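In: no sequence for this one, just the structure:
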């Protein structure tokens, strides 16, 4: 626990506490009266209600649409399965501002639905909910499907032999084993939608605002740090309460599971019902995931003189952007990949150690440590970004001009994914296997290498893939700390979208398309190079 605690203490707790203290202190005195003023404001109350409601609705809709996809990818073997894995993961790495723009082009004025049927959804909450499902579909498919593929199907078959129906066998045998993974996926989706920023900013308009949007407006536009600090504390309280309920619920349901090689559980669909299910999942993926991505691609080629490479050629020169960039926007690709690899390494090391500690220890201290690891997902990225700038500015932590600052911010969001992905599988490993290895003379390190690692290799691959994906798409904190001469892809897209003009918008779509392709190619390569067929990525 020592390294994860030190990492979160220095790079999360300290920066956030610094900016909250800056906002609530006046001449060295705490101004707690401001807390009551903000909380009792009717407008803030409406923001809190909408934030919670849309997060709950988005989570429920995502689970409803993605759980069948998790089952199909876990249990069925069919042509194009690797490609489907990569396709459903691509939206997750796109910056949220790009996701909002894609759905605005799809559902808004002059969009695809408007042109075909005269239907507009950009003024309704449905656009926000659908965009959230698009963004978080992979979270459920990867997290739940990763464990589902390793559950021994013979246990459910044995229940059916003993007289249970298909649904009863699934409900009483498979579902209890999946509950920790489903709860982990639901928690991550809820936290992402609870702190949604880019999607709400573009699709919500003046009618809808989440806490994250409100914190950004109070901090960056109104310069009201006291109000922003109070809202940050409200977010902390809500997330802490949610994590407490989650920990108590999941802990009561956890059990040692019989895990098998995922390669032996997948088979070709049999019967009309299974082929119909596969077709339904492919249709949902096509409508919900592929169509918005195609809109991005078409927009990137739709230049002022018709379809062509006008916007892509402009990316190679900084002069084409009216001073928006110090360097050519195309350099953001290499920056994002380098930062992403560094952030993934940090997240896997810190998150892996944290997951191992949570597996082998019990007690209130450990449960509090578990909740601490999830707090970055429920904390305003604006708060973290500003906190880095005002706290990490003195030796020995003067990192404001160091390249490592960006990977550190990205790793903060990646670590919770590593922990939540590895923890259900680590806890499912029978402790007697380690004990048997120890009796036979194996050291703790050798026992972990030869007992735990082969069983959790799949979860480790999923965790590393998620950390890399999150790093590529992280925007909220990075936008404040990325150097002008080293922008990441999301920062470059946001800068282009923030400037008027068709050329800037087209280049933003072109960069978004490049980011999408980089992610898809990386995931497909990982699918090809793995030889044990146990890694979800």
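Out: Nice, thanks for sending it over. These figures come from a predicted structure and were not determined experimentally.
In: Could you give the separation of stretch 193-213 from the chain centroid?
Out: In terms of Cα atoms, centre = their mean, to the nearest Å, the centre of stretch 193-213 is set 17 Å apart from its chain centre.
In: buried residues in that stretch?
Out: 193-204, 208-213 (16 or more other Cβ atoms under 10 Å). (Each C-beta comes from the backbone N, C-alpha and C, glycine too.)
In: Just want the most central residue of this structure.
Out: The residue lying closest to the centre of the chain (Cα atoms, centre = their mean) is residue 470, at 5.6 Å.
In: ok, now how distant is the closest residue to residue 18 other than its chain neighbours from residue 236?
Out: In this structure, residue 18 finds its nearest non-sequential neighbour in residue 391, 3.9 Å apart by Cβ to Cβ, 6 or more residues apart in numbering. Using Cβ to Cβ, to the nearest Å, residue 391 is found at 17 Å from residue 236.
In: quick one, which of those two is more surrounded?
Out: Using other Cβ atoms under 10 Å as the criterion, residue 391 and residue 236 rank with residue 391 on top: 21 against 17.
In: What segments of this protein are strands?
Out: 25-26, 29-30, 302-303, 306-307 (DSSP state E).
In: For residue 176, give its distance to residue 169.
Out: 12 Å.
In: between the two, which one's more packed in?
Out: Set side by side, residue 176 and residue 169 show more neighbours around residue 169, with 20 against 13, by other Cβ under 10 Å.
In: Contacts only, for that one.
Out: 156, 157, 159, 160 (Cβ atoms under 8 Å, 6 or more residues apart in numbering).
In: still on that earlier bit, surely the residue nearest to the centre of the chain touches residue 416?
Out: No: taking contacts as Cβ atoms under 8 Å, residue 470 lies outside contact range of residue 416: 9.1 Å.
In: count of neighbours near residue 1?
Out: By the criterion of other Cβ under 10 Å, residue 1 has 14 neighbours.
In: Look up how far residue 299 lies from the residue nearest to residue 359 when sequence neighbours are not counted.
Out: With Cβ to Cβ, 6+ apart as the criterion, residue 359 has its nearest non-adjacent residue at 4.4 Å, and that residue is residue 426. As judged by Cβ to Cβ, residue 426 and residue 299 stand 43 Å apart.
In: do residue 485 as well
Out: From residue 485 over to residue 299 (counting by Cβ to Cβ), the distance is 28 Å.
In: Ok, residue 389 next?
Out: Taken as Cβ to Cβ, the span from residue 389 to residue 299 is 34 Å.
In: could you point out the longest helix in this structure?
Out: helix 42-75 (DSSP state H).
In: Can you list the buried residues in that one?
Out: Quick answer for helix 42-75 (16+ other Cβ under 10 Å): 44, 47-48, 50-52, 54-55, 57-59, 61-63, 65-67, 69-75.
In: And stretch 268-282, by the same measure?
Out: So stretch 268-282, judged by 16+ other Cβ under 10 Å, has buried residues 269, 277, 278, 281, 282.
In: same thing with stretch 387-396?
Out: For stretch 387-396, by 16+ other Cβ under 10 Å, it's 387, 388, 391, 392.
In: Confirm for me that residue 99 is in contact with residue 137.
Out: No: under the criterion of Cβ under 8 Å, residue 99 makes no contact with residue 137, lying 11.5 Å away.
In: Need the overlap of contacts for the two.
Out: Common neighbours of residue 99 and residue 137 (Cβ under 8 Å, 6+ apart) are residue 91.
In: Using pLDDT, spot the least trustworthy of the buried residues of stretch 268-282.
Out: Here the lowest pLDDT out of the buried residues of stretch 268-282 sits on residue 269, with 85.
In: Now for that residue: which residues touch it?
Out: Here residue 269 is in contact with 76, 78, 275, 277, 278 (Cβ under 8 Å, 6+ apart).
In: and with 7 Å instead?
Out: 76, 78, 275, 278 (Cβ atoms under 7 Å, 6 or more residues apart in numbering).
In: same thing with residue 213?
Out: 197, 200, 201.
In: what's the distance between it and residue 219?
Out: 11 Å.
In: Which parts of the stretch 301-450 of the chain are helices?
Out: Assigned by DSSP state H, counting those that start in this stretch, the helices in the stretch 301-450 of the chain fall at 310-314, 332-360, 364-374, 381-391, 405-428, 431-439, 444-447.
In: Deepest-packed of the ones you listed, please.
Out: Mean neighbour count (mean count of other Cβ atoms under 10 Å) peaks for helix 405-428 among those, with a mean of 26.
In: so what secondary structure elements neighbour that helix?
Out: Packed against helix 405-428 by the contact rule (3 or more Cβ pairs under 7 Å, 6 or more residues apart in numbering; DSSP states H and E) you find helix 125-148, helix 175-194, helix 332-360, helix 364-374, helix 381-391, helix 453-473, helix 478-481.
In: how many other residues sit next to residue 6?
Out: Counted with other Cβ under 10 Å, residue 6 comes out at 11.
In: what's near enough to touch it?
Out: Applying Cβ under 7 Å, 6+ apart, no residues contact residue 6.
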